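Q: fold the following.
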Amino acid sequence: MVVAEPDVEVPAGSVKKGAKIFKAKCAQCHTIEKGGATKQGPNLYGIFGKQSGSTEGFPYSAANKESGIIWSDKHMFQYLINPKTYIP
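A: Residues are numbered from 1 along each chain as shown. Sure thing, here's the model as predicted:
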């Protein structure tokens, strides 16, 4: 079952600020380059349009695999606000 996108407006972002935030908060667990390594979290290359919990080689929780989320900017925006409540 695919979950509908949240009814939210994703604000415009800044590539420079986003890169800085990713480096500070995400890069210790995730890689973003094609074919990048799996760390504590899965590689995020090509995440948009992909089923949650489907990156090969990463041991996702059952909740993540069964969430029904197809990653989009709206799902990601809501997820990043509070990951533990978005996918419990």
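Q: three-state assignment of the residue nearest the centre of the chain?
A: Centroid-nearest residue in the chain, with CA atoms, centre = their mean: Met76, separated by 5.6 Å. Of the three states, Met76 takes helix under DSSP: H, G, I helix; E, B strand; the rest coil.
Q: quick check: it vs Tyr86, distance?
A: Separation of Met76 from Tyr86 (CB to CB, to the nearest Å): 10 Å. C-betas here are computed from N, CA, C, even on glycine.
Q: by mean pLDDT, flag the weakest helix or strand of the chain.
A: Across the helices and strands of the chain, the lowest-confidence element by mean pLDDT, DSSP states H and E is helix 83-86, at a mean of 94.
Q: any buried residues in it, and which?
A: Buried residues in helix 83-86, counting neighbours by 16 or more other CB atoms under 10 Å, are found at Tyr86.
Q: centre of the chain to the host helix or strand of Leu80, how far?
A: Under the criterion DSSP states H and E, the helix or strand holding Leu80 is helix 73-81. Distance of helix 73-81 from the chain centroid (CA atoms, centre = their mean, to the nearest Å) equals 8 Å.
Q: so for that helix, mean pLDDT?
A: Helix 73-81 comes out with an average pLDDT of 96.
Q: can you check stretch 37-50 too?
A: Stretch 37-50 comes out with an average pLDDT of 96.
Q: from the rest of the structure, what touches it?
A: Contacts to stretch 37-50, defined as CB atoms under 8 Å, 6 or more residues apart in numbering, come from residues 26, 28-36, 55, 57-58, 60, 70-73, 76.
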